[in-house]
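*Asks:* Structure for this input, please:
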Amino acid sequence: MLLALDIGNTTVAIGLFKDKKLAHHWKIRSDRDKTCDEYGIVLRNLFSFAGLDAAAVKTVIISSVVPPLTPIFQTLSHDLFHVKALVVGPGLHTGMPILYEAPLEVGADRVVAAIAAFEKFGGPCIIVDFGTATTFDAVSAKGEYLGGAIAPGVQISAEALYLKTAKLPRIEVKKPAKAIGKTTVASMQSGLYFGYVGLVDNVISEIRKELGEDARVIATGGFGEQIGAEVKAISSYEPHLVLEGLRFIYERNRS
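*Replies:* Model (predicted):
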């Protein structure tokens, strides 16, 4: 089996593939203070609860945007699964030209999601990843990664309102019953939710002007289903897009 790990700023997405099928998937909290042993306990427990044997894992591939956690999971791969993990980055064949001015600046998760989207749907396409930050990535009809846009995630925006004001509370991000809020919480939810829908809709519109109006738009990430449902331009929600992209990259690097 192939174990795919997508290490993000907020969560680590874990996918276990049997052949080409995502057989199991989990999410755990990203914690830079956790040791390799602590993450090992978490993974052992997840495998145990699912009735899985760690010995079944023959390959591990990692995508990470949290550099301090990358070596921890590399060590974990060696100690728990007895395999050397593949890490998305220089030296690993992705099959997608990166037309960024500084290709190494592009987050590994953005490239991996772009690869999965192009493999599944073709191009041109736009991937909107609703993570800690919300990223917009453009892929050409030829399968080239062109670049995109980065905006604060909706949860970050909510936290900023709470942390940078004296009287505004911490709130749950969700769609309010009405746009005109009758309470402080409802007013904040309206501004965040409908404002964010407008942000996403407008960025997609601007990218399409350059990429092509026929560009397919795919959403992924934690708020992708909720916010994406409000944006007419988004045609599908793919919750495991990065994990699937890791499988595609693994297939391209099999010796």
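
*Asks:* Report back the residue of this protein that's furthest from centre.
*Replies:* Computed with CA atoms, centre = their mean, the maximum C-alpha offset from the centroid of the chain is found at residue 182, amounting to 34.6 Å.

*Asks:* ok, that one to residue 99 distance?
*Replies:* Applying CB to CB, to the nearest Å, the value for residue 182 to residue 99 is 49 Å. Glycine gets a C-beta too; all of them are placed from N, C-alpha and C.

*Asks:* Please, where are all the strands along the stretch 151-255 of the chain?
*Replies:* 216-221, 236-237 (DSSP state E, counting those that start in this stretch).

*Asks:* Could you check how far the residue farthest from the centre of the chain is from residue 189?
*Replies:* Residue 182 is 11 Å from residue 189, by CB to CB.

*Asks:* Let me see the contact set for residue 3.
*Replies:* 14, 15, 16, 17, 57, 59, 60, 61, 77, 81 (CB atoms under 8 Å, 6 or more residues apart in numbering).

*Asks:* now, which of the residues you listed sits nearest residue 95?
*Replies:* Of all the contacts of residue 3, residue 95 sits closest to residue 61, with 14.2 Å by CB to CB.

*Asks:* still on that earlier bit, now, of the strands of the stretch 151-255 of the chain, which is deepest in the fold?
*Replies:* Per residue and on average, the most neighbours among the strands of the stretch 151-255 of the chain fall to strand 216-221, with a mean of 25 (mean count of other CB atoms under 10 Å).

*Asks:* sorry, back to before: of the contacts of residue 3, buried ones?
*Replies:* 14, 15, 16, 17, 57, 59, 60, 61, 77, 81 (16 or more other CB atoms under 10 Å).

*Asks:* For these, name the two members farthest from one another.
*Replies:* 17 and 77 (15.1 Å).

*Asks:* So residue 143, which state does it fall into?
*Replies:* coil (DSSP: H, G, I helix; E, B strand; the rest coil).
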